[in-house]
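Asks: sharing a model prediction with you, sequence too.
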Amino acid sequence: MTRNFLLINIIFFLSCGIVFSEDDKIFIRGQNDPISAYIEKETEIDISFRDMKSNSKRKVTFINIRKVVYSDANAAYKIAIDAFTAKNYKYAARKFGDALKSQKSSRGNWHSYYIPWYYYNTQYQLYLRSERKSEIAVKIISGFEKFSKKFPKTRFTGAAKVIVGDLYLQLKKFPEAKKVYTELSKGSQVKNVVAKAKYGLVNLYKEEGDFDKAIDLGKQVVKAKQVSTELLQLMSEMMMVKKQYEQANTLAKSVLKTDKIPSSLKGAALELKGISSIYMQDYEQALKDLLLSKLIYPNSKIKSGTLEMYLAINIKILMDKFKSDFPSWEYQNKYDSYYRVINDKQRKFVKNFKL
């Protein structure tokens, strides 16, 4: 970069109204918040200009900017949000980190709690997609607890506390998790947060091995119409273990009678109804419910392999029951299609399935 070109840049920056501060931090007055950028020292030129406020001459050092390390809070936040939405969590984490550092120098930013919330949430998303090391979980818990204490009444506070409870549960710190979930299930005004907290409690009792307590609480949640897809899937798993087939079937029917339920929840209810129908030896109804469940279930909500596993079991039973009435290949093709997508453990379960 030539000296003349550099001087042209100096004039441009001065016309914007530059304020030089310590630690090589530059503030350029813009339309919104001032931009904060850490810069590299490569070329230094001493210049003098008149400070309009004090009407005195000031001598400052202009530093050639070749690399901006941190952009302003607004710009970094917008870039990070796009990356977060696209599930590019590594890049999002870096940009939210930039935004956090720049945020200290921003004035009157409306996103004061948005940036830390998304920063820690991004860390949590990375944790879920990694080896889930306990030391990382502890750091995320600490971050969300600080966030909740600093911003106790934001739209994200309840969700932050739910994540804290989930992480305590994953770390097998049951008393801490129970305290968080219990407080949220009683004190939160946000229905979605209450539903997640109660799901967390049901899951906690399951992890402790108290299936009866977990199922009883789950039924209360269903009755209060706070049921979620994840809760119903969890209930299905536990009620099959406890051989509560008829109760599970009744529970699924009660959910299906609810008006305007999400397709994912309807799919989970049909799956539970279909699975319990197999154990109740109503195979035709089971096939109808399981196939309908597969048709309306969003792919992202299908519990890995479970639906296909029970479809394979049901078709295998029907193959044996009606083998004299239909060509065997018609059932065999259907059986193979579902058997192919399940894992080895589930295949073993299908082969050894007995009522």
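Replies: Sure thing, it's come through.

Asks: now stretch 73-82: buried residues?
Replies: Within stretch 73-82, the residues that qualify as buried are 73-77, 79-81, counting by 16 or more other CB atoms under 10 Å. For every residue, glycine as well, the C-beta is placed using N, CA and C.

Asks: looking at it, Ala160 is touching Pro116, isn't it?
Replies: No - shown here, Ala160 and Pro116 do not form a contact pair, counting by CB atoms under 8 Å, at 9.4 Å.

Asks: which neighbours do those two have in common?
Replies: Shared contacts of Ala160 and Pro116 (CB atoms under 8 Å, 6 or more residues apart in numbering): Phe147.

Asks: neighbours of the nearest residue to Asp289 once chain neighbours are set aside, how many?
Replies: Once flanking residues are discounted, Asp289 sits nearest to Gly274: 3.4 Å by CB to CB, 6 or more residues apart in numbering. Gly274 sits with 28 neighbouring residues when counted by other CB atoms under 10 Å.

Asks: quick one, grab the pLDDT at Gly274.
Replies: Looking at Gly274, its pLDDT stands at 95.

Asks: helix/strand/coil for it?
Replies: Following DSSP: H, G, I helix; E, B strand; the rest coil, Gly274 is assigned to helix.

Asks: roughly how far apart are it and Lys345?
Replies: Taking CB to CB, to the nearest Å as the measure, Gly274 falls 21 Å from Lys345.

Asks: same thing with Val190?
Replies: In terms of CB to CB, Val190 sits 38 Å off from Lys345.

Asks: tell me which of the two has more neighbours.
Replies: A side-by-side neighbour count of Val190 and Lys345, using other CB under 10 Å, places Val190 first with 15 against 9.

Asks: not counting sequence-adjacent ones, nearest residue to the more buried one?
Replies: Here the nearest residue to Val190 in space, its sequence neighbours aside, is Gly158; by CB to CB, 6+ apart that works out to 5.0 Å.

Asks: which helix or which strand is home to that neighbour?
Replies: Per DSSP states H and E: Gly158 is located in helix 157-170.

Asks: quick check: mean pLDDT across the next helix or strand after that helix?
Replies: Where DSSP H and E defines the elements, the next helix or strand beyond helix 157-170 is helix 174-187. On average, the pLDDT along helix 174-187 is 92.

Asks: same for helix 174-187, what does it pack against?
Replies: Contact analysis of helix 174-187 by 3 or more CB pairs under 8 Å, 6 or more residues apart in numbering; DSSP states H and E lists helix 157-170, helix 191-207 as its packing neighbours.

Asks: alpha carbons only: can I get that helix in CSV?
Replies: Extracted as CSV, the C-alpha positions of helix 174-187 are listed here (Å, rounded to 0.1, in the frame of the first residue of the first chain):
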residue,chain,number,x,y,z
PHE,A,174,-29.8,-36.1,39.5
PRO,A,175,-30.4,-33.8,42.6
GLU,A,176,-29.2,-30.7,40.7
ALA,A,177,-31.3,-31.7,37.6
LYS,A,178,-34.4,-32.4,39.7
LYS,A,179,-34.1,-29.0,41.4
VAL,A,180,-33.9,-27.2,38.0
TYR,A,181,-36.8,-29.1,36.4
THR,A,182,-39.0,-28.8,39.5
GLU,A,183,-38.6,-25.0,39.7
LEU,A,184,-39.3,-24.6,36.0
SER,A,185,-42.4,-26.9,36.0
LYS,A,186,-44.0,-24.9,38.8
GLY,A,187,-42.7,-21.4,38.3
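
Asks: show me which residues of that helix are buried.
Replies: 176-178, 180-182, 184-185.

Asks: for stretch 234-245, same thing?
Replies: Under the neighbour-count criterion of 16+ other CB under 10 Å, stretch 234-245 has 234-240, 244-245 buried.

Asks: give me the low-pLDDT residue ranges for the stretch 151-300 of the chain?
Replies: Residues of the stretch 151-300 of the chain that meet the criterion pLDDT under 70 lie in 188-189, 298-300.

Asks: now find how far off-centre stretch 269-276 is within its chain.
Replies: 26 Å (CA atoms, centre = their mean, to the nearest Å).
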